[in-house]
Structures are given as C-alpha cells and as structure tokens.
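>>> The sequence and its predicted three-dimensional model are supplied below.
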Amino acid sequence: MGSAPSNAANCFELLSAEPLLVVFIGPGGVGKGTLARRVVRADNHLWLSQSWTTRERRPSENGDEYHFVDRATFEKAIEAGQFLEWAEFQGHLYGTPQPRAPDGADLLLEIEVQGAEQVLATRPDAEVFLILPPSMERLEERLRARGDDDTHVADRLASAPAELEKGHQLASHVVVNDDVERACGEILSILEELRRRRRDLSSKD
C-alpha cells in the first residue's frame, strides 16, 4: 500500500502548494467512512471533516462517525449558515459544517451525492472520488452487516443506481472498494500525484 510523504522537504513542498479539497461520495454501505478514516490515518496531511446527521446512531457505530443531532438543532444550524453543504436523504438530514482545517492541510469530505453537487458549485476544483461496491450483492451484504433493517436495505439498494449515475457525472476519480487496503493504496497514490501537479503549478507562478 502507498504511504504519504513524511520527510521535511516533502512536507515543505506540500504546505507550499494550494490545499486540496477531496470529496468521497458513493451509495450507502459502500464503505466511504471506513475508507476515509483509513486514508486519514495513513496520510497526516489530510484532515477529515465530521459531518452532522439527524439519523439515529447504528449499533455498529462508536459515535465519532457523525455529530448526531436532532432535527431542530440541525435546522437551526442551516438558518445560521453553518454548513458548507447539506442534503436530505431518505428522511434524514446530512451536512458538512464550514470546515476549520489546520493551516496547509488538505480537506477530506465524506458526503452524499447531493452534497457533492453543492460543493462543486462553489469549489469546482474539488477532487471528487466515487467509491463503488464490487457488486450490488456485496453492497447488500455490507448494509446488512452494519445492522440496517430490511426496509432501509431495500431503500438504499433502490436509490443506489441513481446515486451511481449522478456520481459518475460528478467524479474526477472512480475507486472500487473491493478491498479496503487496496482501495486505500489507490487513493493515496492518486493524492500523491495530485499534490505533485499542484506543486509543479505553484512553482511556475
């Protein structure tokens, strides 16, 4: 698996280039959250923004996957302009607060497809990664493994084709999450190349 640059020279080069805005999208159950946390652990130049949601915490979650709030609290935050993007999906609200990433860090968002459209409207330079399941059968297995009930699984599978179609339209990169370690390595390699290009552009300015 690839690894992030770690020596002082590379660190200086990364911080001297314009930070990246990286966005993970894909159907529910594809493993966006798992991949996001794995990539951030392997790349200390990447900062993951914690999204808000009004849905209930799943039994399989430890509580730091989202900032879990009630609908009234979420709607008050919308009115206050606290979100970079937000969307309603299957009766629940999801949103990304205005990011406060450390200076020089690249920002990673793990969001719904509708949210990615909002981000691209204001940040067309965002690098959008569409995360795909190896098959619809594997997607169903993952949904059930995380504790989703039959109704939610059926709703998620029904919405997946439209999400994937829109995701392909928005994505700069497509990664199949057939194996977390392999997919993580692929993403890290892409990020390294994107940073190299930005450093090259920065040096020409």
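On my side now, so go ahead.

>>> Would you map the helices across this structure?
Along the chain, counting by DSSP state H, helices occupy 8-16, 32-42, 71-79, 113-122, 136-145, 150-170, 180-204.

>>> Of those, which is nearest F89?
Among these, the nearest to F89 by CB to CB is helix 113-122 (7.0 Å). Placement of C-beta: from N, CA and C, glycine included.

>>> Run through the neighbouring helices and strands of the closest one.
In terms of contacts (3 or more CB pairs under 8 Å, 6 or more residues apart in numbering; DSSP states H and E), helix 113-122 is packed against strand 21-25, strand 83-89, strand 92-97, helix 150-170.

>>> most neighbours per residue, which of the ones you listed?
Greatest average neighbour count among those goes to strand 21-25 (a mean of 24), per mean count of other CB atoms under 10 Å.

>>> Alpha carbons only: can I get it in CSV?
The C-alpha trace of strand 21-25 is given here as CSV (Å, rounded to 0.1, in the frame of the first residue of the first chain):
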residue,chain,number,x,y,z
LEU,A,21,-10.4,19.7,-1.3
VAL,A,22,-11.1,15.9,-1.6
VAL,A,23,-14.6,14.5,-1.6
PHE,A,24,-15.7,10.9,-1.2
ILE,A,25,-19.2,10.0,-2.5
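
>>> and it with helix 113-122, angle?
In terms of direction (axes from the mean of the first three to the mean of the last three CA atoms, to 10 degrees), strand 21-25 departs from helix 113-122 by 160 degrees.

>>> what's strand 21-25 in contact with?
Contacts with strand 21-25, where a contact means CB atoms under 8 Å, 6 or more residues apart in numbering, come from 32, 35-36, 46, 106-113, 115-116, 119, 123, 125-131, 163, 167, 170-171, 191.

>>> let's go with 6 Å and repeat that
32, 36, 107-110, 113, 116, 119, 123, 126-131, 167 (CB atoms under 6 Å, 6 or more residues apart in numbering).

>>> Next: stretch 172-189.
Here stretch 172-189 makes contact (CB under 6 Å, 6+ apart) with 1-2, 30-31, 35, 38-39, 127-132, 134, 190.

>>> Quick check on those: which are buried?
V30, G31, L35, R38, V39, E127, V128, F129, L130, I131, L132, I190 (16 or more other CB atoms under 10 Å).

>>> can the residues you listed go into CSV with extra columns for distance to L139 and pLDDT?
Shown next, in CSV, are the buried ones among the contacts of stretch 172-189 (distance: CB to CB, whole Å; pLDDT from 0 to 100):
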residue, distance to L139, pLDDT
V30, 6, 93
G31, 9, 92
L35, 14, 96
R38, 19, 96
V39, 20, 98
E127, 24, 97
V128, 20, 98
F129, 17, 98
L130, 14, 98
I131, 11, 98
L132, 9, 96
I190, 23, 98
